[in-house]
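*Asks:* Any chance you could fold what I've pasted below:
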Amino acid sequence: MAIQVNPNRMELLKLRKKQAVARRGHKLLKDKLEGLLRDFMRIIREYRALRAAVDEELSAVFRNLILASATMPREAFLTALAFPKCRATLEVRERHLMNVRVPVFSFSIEGVLQSYGTQSTNYDLDLAMGSVRSVLERMVKLAEVEKTIELVASEIEKTRRRVNALEYVLIPQQEEAIRSIESKLDELERANIIRLMKIKQILGMSAS
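*Replies:* Reported below is the predicted structural model:
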């Protein structure tokens, strides 16, 4: 949709100023988009490495738990897991990444997870419980990274839409409006010159 403006020099100056602002905004948004994309790819690499580590550790924990449950009396196995003497704490803060507010999770466990005696348990259960703290910390970090990816991806999409709106809609419309005003002003100037020439010609004929 073309911009509707009056073809005069005041409107031309206003449009040129608006276009200068739009071009600066376009450059800033494009720089921001490039920065967001760099950060996004870095976070994706971090996520893949962390996801692989969590999957591997969780598999080991479940494998050891299955072995423990298979080799221990059921009542002893359930009792050993029923009363952990620990407390988990999760704190949530925020930080800015390219003007995007992303979460920072701080996770801690106070106390011990292995609150059972060793007489009725086995080594497989010890291995599983010994890895739980590390797995939980990695899972919380994974949740932080996943949320960051979601927020950055959303900001990338918003920024991309703004860049495209400026690059393919607003700036071309402004350029077309500027060309239209310049063309009409040129026509008016040529018409004025022709009128002046005719007036000069008429005055010259009258003088003779």
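
*Asks:* List the buried residues of stretch 25-32.
*Replies:* For stretch 25-32, the neighbour count (16 or more other CB atoms under 10 Å) marks 26, 29, 30, 32 as buried. For glycine as for every other residue, the C-beta is placed from the backbone atoms N, C-alpha and C.

*Asks:* Identify the spatial nearest neighbour of the second one, chain neighbours not counted.
*Replies:* Meaning residue 29. Take residue 29 and drop its neighbours on the chain: the residue closest to it by CB to CB, 6 or more residues apart in numbering is residue 163, 4.9 Å away.

*Asks:* check contacts around that neighbour.
*Replies:* Taking CB atoms under 8 Å, 6 or more residues apart in numbering, we find residue 163 in contact with 26, 29, 30, 33.

*Asks:* make it 10 Å
*Replies:* By CB atoms under 10 Å, 6 or more residues apart in numbering, residue 163 lies in contact with 25, 26, 27, 28, 29, 30, 32, 33.

*Asks:* Now secondary structure, distance to residue 143 and pLDDT too, for those residues, in CSV please.
*Replies:* As requested, the contacts of residue 163 are exported to CSV (DSSP: H, G, I helix; E, B strand; the rest coil; distance: CB to CB, whole Å; pLDDT from 0 to 100):
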residue, secondary structure, distance to residue 143, pLDDT
25, helix, 35, 96
26, helix, 36, 97
27, helix, 36, 97
28, helix, 32, 96
29, helix, 30, 96
30, helix, 32, 96
32, helix, 26, 95
33, helix, 26, 96
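
*Asks:* So which of the residues you listed is the closest to residue 95?
*Replies:* Proximity of the contacts of residue 163 to residue 95 was ranked by CB to CB; the top entry is residue 32 with 17.0 Å.

*Asks:* wait, what's in contact with the closest one?
*Replies:* Neighbours of residue 32 in contact, by CB under 10 Å, 6+ apart: 98, 99, 100, 155, 156, 159, 162, 163.

*Asks:* Over to residue 20?
*Replies:* Taking CB under 10 Å, 6+ apart, we find residue 20 in contact with residue 174.

*Asks:* any idea which helix or strand carries it?
*Replies:* Per DSSP states H and E, residue 20 falls inside helix 9-71.

*Asks:* could you point out which element follows that helix?
*Replies:* Next along from helix 9-71, by DSSP H and E: helix 74-82.

*Asks:* Could you pull out the buried residues of that next one?
*Replies:* Across helix 74-82, burial judged by 16+ other CB under 10 Å covers 76, 77, 80, 81.
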